[in-house]
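> here you go, sequence then predicted model.
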Amino acid sequence: MMDANGEELAPAVRSILSAARERAGGDERVSVDARSFSAALADAEADGRVPVIAEMKPTSPTTEGRRDDDPVELAQAMVSGGAAALSVLTEPEHFGGSMAALERVRDAVDVPVLRKDFIVEEAQLDLVESDLVLLIARFVDDLPGLVTAAEDRGFQPLVEVHTRAELDRALAADADLIGVNNRDLGQLEVDLDTFESIAPHVPEDVTLIAESGIGSVADVRRMREAGADALLIGSAIMDGDVTDNVRQFTTA
Ligand SMILES: O=C(O)c1ccccc1NCC(=O)[C@H](O)[C@H](O)COP(=O)(O)O
């Protein structure tokens, strides 16, 4: 199976994408009164916290084992550690996520919540409300159409890229929130050089997020020095005490 660029994918990602292409959409169009992500980043900066989007990822194709903590307890622990926003996996088969977990988390905290999933069709936006929604450039054919569809529903779309060509597609789609994923979904290899090589080409007025592979205070500083306005961190937060883990990154 190929992605939107006609490139080969790792077997786990092929399986994720084929499940995503089969997933039904929602019956009714959602309309979201979203919490402002830019305000959450400004609040974090004003408090001297590094803006971190803490990701609730029960499992993944590159994680050993699974964490089945109560999502609300996890969310509260992440916010206690200073997370500016949360990311909740809603993909069920490969990441152990659910729409119900996202709904419960969003009801329980005040910070913006990102829906982390593999959305390939407009109707899949209508499955659950969130403040931000991830759109992965590599998997979406009509990126401008899906960005507009998300914005029309009130979501703040975060467009994820991994290459310069995908960045150009995100900019052509007028994305103003862009995440550079250090994980190559073709091979599942992580390399923080990815962010460093793409960040200089991102216009100043775009909010830029470094995603994946951030596992230490040194990594946080490295991504911030390379221009990250915020960091999306999952595995390193889910491994051990969540509040302590988030705090070490937000105070880096
Ligand atoms: O995390 C995975 O194993 C994975 C495998 C296949 C496709 C996507 C995958 N992750 C999605 C993500 O973008 C990450 O969950 C997110 O950026 C956080 O990454 P990390 O801090 O490295 O857990």
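That came through fine.
> which pLDDT does the model give the residue found closest to I209 once you drop the neighbours it is linked to in the chain?
Leaving out its chain neighbours, the residue that sits closest to I209 by CB to CB, 6 or more residues apart in numbering is G179, at 4.1 Å. From N, CA and C alone the C-beta is placed, and that goes for glycine too. pLDDT, G179: 98.
> show the contacting residues for Q76.
Shown in contact with Q76 (CB atoms under 8 Å, 6 or more residues apart in numbering): A108, V109.
> is the one helix or strand it maps to in proximity to the ligand?
Secondary structure assignment for Q76, by DSSP states H and E: helix 71-80. No: taking CB under 6 Å from any ligand atom as the criterion, helix 71-80 and the ligand are apart, separated by no less than 13.1 Å.
> let me know whether the next helix or strand along the chain from that helix sits next to the ligand.
Helices and strands here follow DSSP H and E; after helix 71-80, the next one along the chain is strand 85-89. No: using CB under 6 Å from any ligand atom, strand 85-89 stays clear of the ligand, with a minimum separation of 7.1 Å.
> so what strands line up beside strand 85-89?
Sheet pairing for strand 85-89, assigned by DSSP bridges, gives strand 52-56 (parallel), strand 113-116 (parallel).
> go through these and name the closest to I237.
strand 52-56 (5.2 Å; CB to CB).
> buried ones in that closest one, by neighbour count?
The neighbour-count check on strand 52-56 (16 or more other CB atoms under 10 Å) flags V52, I53, A54, E55, M56 as buried.
> give me the subset of those residues touching the ligand.
The subset of these within reach of the ligand, by CB under 6 Å from any ligand atom, is E55.
> which one among the buried residues of strand 52-56 gets closest to S235?
S235 has its nearest neighbour among the buried residues of strand 52-56 in E55, at 8.2 Å by CB to CB.
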